[in-house]
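> test case, fold it:
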Amino acid sequence: MGWSALRLDSTDNVSVQDFYDVIVCSWGLPTWFGRNLDALFDALGDLTMTPTVLVWSGLGQLADIDPELAGAVLDILRDAVGQAPAFAVIVRDDLGVSGFDGLL
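Prediction:
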């Protein structure tokens, strides 16, 4: 079975609510999605039952809006990568970070 791709483009976000709205729309989640970190982790668990790569543009914008949330989302993605048998994350932002942190 091949890999599926999840796209997350949060480059136009101006609020935390926008970030969660983009997730709901991009990933086809139900309107009752919790719009919080626990719901994000649960959704990733459901969406990564098959080999999946997440391509995210907009981490920098989220960090500008809410640096604490951006860090928490990265932690959730790292946890999901560690728990899913075949899940990878590509962050397309140039964050000026050197070295490999396991997400790419």
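> can you get me a residue count around the nearest residue to Ser10 once chain neighbours are set aside?
Here the nearest residue to Ser10 in space, its sequence neighbours aside, is Gly58; by CB to CB, 6 or more residues apart in numbering that works out to 3.2 Å. Every residue, glycine included, has its C-beta placed from N, CA and C. Counted with other CB atoms under 10 Å, the neighbours of Gly58 add up to 22.
> the one 4 residues further on too?
When counting by other CB under 10 Å, one arrives at 23 neighbours for Leu62.
> list of residues touching the helix or strand encompassing it?
In this structure, Leu62 sits in helix 59-65 according to DSSP states H and E. Residues outside helix 59-65 that contact it (CB atoms under 8 Å, 6 or more residues apart in numbering) are 10-16, 19, 69-71, 73-74, 91, 93-95.
> which parts of that helix are buried?
Residues 59-63, 65 are the ones in helix 59-65 that count as buried (16 or more other CB atoms under 10 Å).
> go on, stretch 6-19?
Buried, per 16+ other CB under 10 Å, within stretch 6-19: 6, 8, 10, 13, 18-19.
> for stretch 26-38, same thing?
Neighbour-count burial for stretch 26-38 [16+ other CB under 10 Å]: 27, 29, 33.
> swap in stretch 63-80?
63, 65, 70, 73-74, 77, 80.
> as TSV, the residues you listed with distance to Ile23 would be great.
Converted to TSV, those look like this (distance: CB to CB, whole Å):
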residue	distance to Ile23
Ala63	16
Ile65	14
Ala70	14
Val73	10
Leu74	15
Leu77	12
Ala80	13
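> kindly format the C-alpha coordinates of stretch 75-95 as CSV.
The C-alpha atoms that make up stretch 75-95 are tabulated as CSV, following Å, rounded to 0.1, in the frame of the first residue of the first chain:
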residue,chain,number,x,y,z
ASP,A,75,5.7,18.2,20.4
ILE,A,76,2.4,16.5,19.3
LEU,A,77,3.9,15.9,15.8
ARG,A,78,7.0,14.4,17.3
ASP,A,79,4.9,12.1,19.5
ALA,A,80,2.8,11.0,16.5
VAL,A,81,5.9,10.3,14.5
GLY,A,82,7.2,8.1,17.3
GLN,A,83,3.9,6.2,17.8
ALA,A,84,2.7,5.7,14.2
PRO,A,85,4.3,2.8,12.3
ALA,A,86,4.7,5.0,9.2
PHE,A,87,4.2,8.7,9.7
ALA,A,88,6.5,11.5,8.6
VAL,A,89,6.3,15.3,8.8
ILE,A,90,7.9,17.8,6.5
VAL,A,91,7.9,21.4,7.6
ARG,A,92,8.4,23.6,4.6
ASP,A,93,9.3,26.8,6.5
ASP,A,94,12.8,28.2,6.6
LEU,A,95,13.1,28.5,10.4
